[in-house]
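*Asks:* below is the structure, and that's it, no one-letter string:
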C-alpha cells in the first residue's frame, strides 16, 4: 500500500525543461515510485530509494562547481594528435533509430556531455514534437536555448558557419551542433576518407564544386551533426552523427560544411 496521497515535485530549473512528477511512497519500505506522464506522448515509471529529489537536470557533482572549474574540466577533454587533429573526447552517440530526431538526438549528445541527465523522449515532449513522423511544428530553437540555460551556459546561434567560432569552442572543450544540408554521395565519401585516415593513410578530399554540394536551393534534406574536432593542416572538421553504427567520428572539408550549413549552435559561459 502507498502512504497517503501522491506528492508532486518539479525537476528542471528552466521553464522549457521543467517536468512535474507524481511520487508515491510504499509503506515501511522507504521505496518511492515516480510517475512522469505527458498526454499521448510519454509515460515513465521509476522505482527508487527515498532521497533528496534533484531540482535540476544537471548532475549533482557539477552543481557545486563554479564556472571556472567547469570550464577547466571541459578543456581537459581536448587532445591534440600527432596527425594534427584537435579533438574533444567524451561525446557519446545517442542513436535516433527511425525517428526524425537528428536535431533532437544531437542535442541530447551535447547535453549529456555537459552533464545534463536528459534523454530524447523527454526533450521531444518539452520541444512539442507531435508524433507525426516529422519535426514540423516543434519548438527546436527554444529547446536548444533551454538546454543551454539548464547546463548554466549561453547559446550562440548563427545562420551560417563560422570556423573560428568552431575552433575556439573545440579548444575550450565545447562541441558545436550544425544543421546542414545532406547528400548521400557526399556522406559516403565522408565515410571513405575517414576510414582511410584511421588506417594511417593520407587520402584527402578534393575540393567539391558547387554542383556537387547539397543545398537548400536543391531541396537537399536538413540534417544535424555534432562537431567534435578540426584539423587545420587538412582543412577538415571532425564530426559525429546520431546514427546507429557510427560511433566513431568522421571527417568533412571546412569548405563543404561552410557551404552546406544552415544554422550553427555553440555553447559558451
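*Replies:* Here it is on my side, so go on. Just so you know, these numbers come straight off a predicted model, no measurement behind them. Residues are numbered from 1 along each chain as shown.
*Asks:* the helices in the stretch 151-269 of the chain, which residues?
*Replies:* Secondary structure of the stretch 151-269 of the chain (DSSP state H, counting those that start in this stretch): helices at 163-171, 184-198, 254-260.
*Asks:* cool, the stretch 1-150 of the chain as well?
*Replies:* Ranges of helices in the stretch 1-150 of the chain, per DSSP H, counting those that start in this stretch, are 60-63, 67-75, 102-113, 120-126, 140-150.
*Asks:* follow-up on the earlier one: which one of the helices of the stretch 151-269 of the chain is the most hemmed in?
*Replies:* Of all the helices of the stretch 151-269 of the chain, helix 254-260 has the most neighbours on average by mean count of other Cβ atoms under 10 Å, namely a mean of 20. To be clear about C-beta, it is placed using only N, CA and C from the backbone, and glycine gets the same treatment.
*Asks:* any idea how many residues pack against residue 179?
*Replies:* Other residues near residue 179 come to 21 when the count uses other Cβ atoms under 10 Å.
*Asks:* any idea how far it is from residue 265?
*Replies:* Distance from residue 179 to residue 265, counting by Cβ to Cβ, to the nearest Å: 8 Å.
*Asks:* lowest-confidence stretch among the helices of the stretch 1-150 of the chain?
*Replies:* Of all the helices of the stretch 1-150 of the chain, the segment with the smallest mean pLDDT is helix 120-126, scoring a mean of 88.
*Asks:* pLDDT wise, what is the nearest residue to residue 220 once chain neighbours are set aside at?
*Replies:* Using Cβ to Cβ, 6 or more residues apart in numbering and skipping the chain neighbours, the partner closest in space to residue 220 is residue 214 (3.3 Å). With respect to pLDDT, residue 214 has a value of 92.
*Asks:* okay, domains of this protein per the record?
*Replies:* Residue ranges for the domains of the chain, per automatic domain parsing: 7-49, 63-268.
*Asks:* closest one to residue 56 among these?
*Replies:* Nearest to residue 56, of all the domains of the chain, is domain 7-49, at 4.9 Å by Cβ to Cβ.
*Asks:* now the closest one: average pLDDT?
*Replies:* If you average the pLDDT over domain 7-49, you get 81.
*Asks:* ok, now which ones touch residue 268?
*Replies:* Applying Cβ atoms under 8 Å, 6 or more residues apart in numbering to residue 268 gives the contacts 153-154, 156, 169, 172, 174.
*Asks:* over to residue 172?
*Replies:* Residue 172 neighbours (Cβ under 8 Å, 6+ apart): 71, 74-75, 78, 268.
*Asks:* which one (most neighbours) among those residues?
*Replies:* When neighbours are counted by other Cβ under 10 Å, residue 74 leads these with 20 neighbours.
*Asks:* in space, what's closest to that residue - neighbours in sequence excluded?
*Replies:* residue 173 (3.1 Å).
*Asks:* any chance you could map the strands in the stretch 151-269 of the chain?
*Replies:* Secondary structure of the stretch 151-269 of the chain (DSSP state E, counting those that start in this stretch): strands at 154-158, 176-181, 222-231, 236-240, 250-253, 261-268.
*Asks:* which of those strands sits most buried?
*Replies:* The highest average neighbour count among the strands of the stretch 151-269 of the chain, using mean count of other Cβ under 10 Å, belongs to strand 236-240 at a mean of 25.
*Asks:* list the strands paired with that one, with their directions.
*Replies:* Strand 236-240 sits in its sheet next to strand 222-231 (antiparallel), strand 250-253 (antiparallel), going by DSSP bridges.
*Asks:* turn those strands into JSON lines, columns for mean pLDDT.
*Replies:* Rendered in JSON lines, the data for the strands paired with strand 236-240 read as follows (pLDDT from 0 to 100):
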{"stretch": "strand 222-231", "mean pLDDT": "97"}
{"stretch": "strand 250-253", "mean pLDDT": "98"}
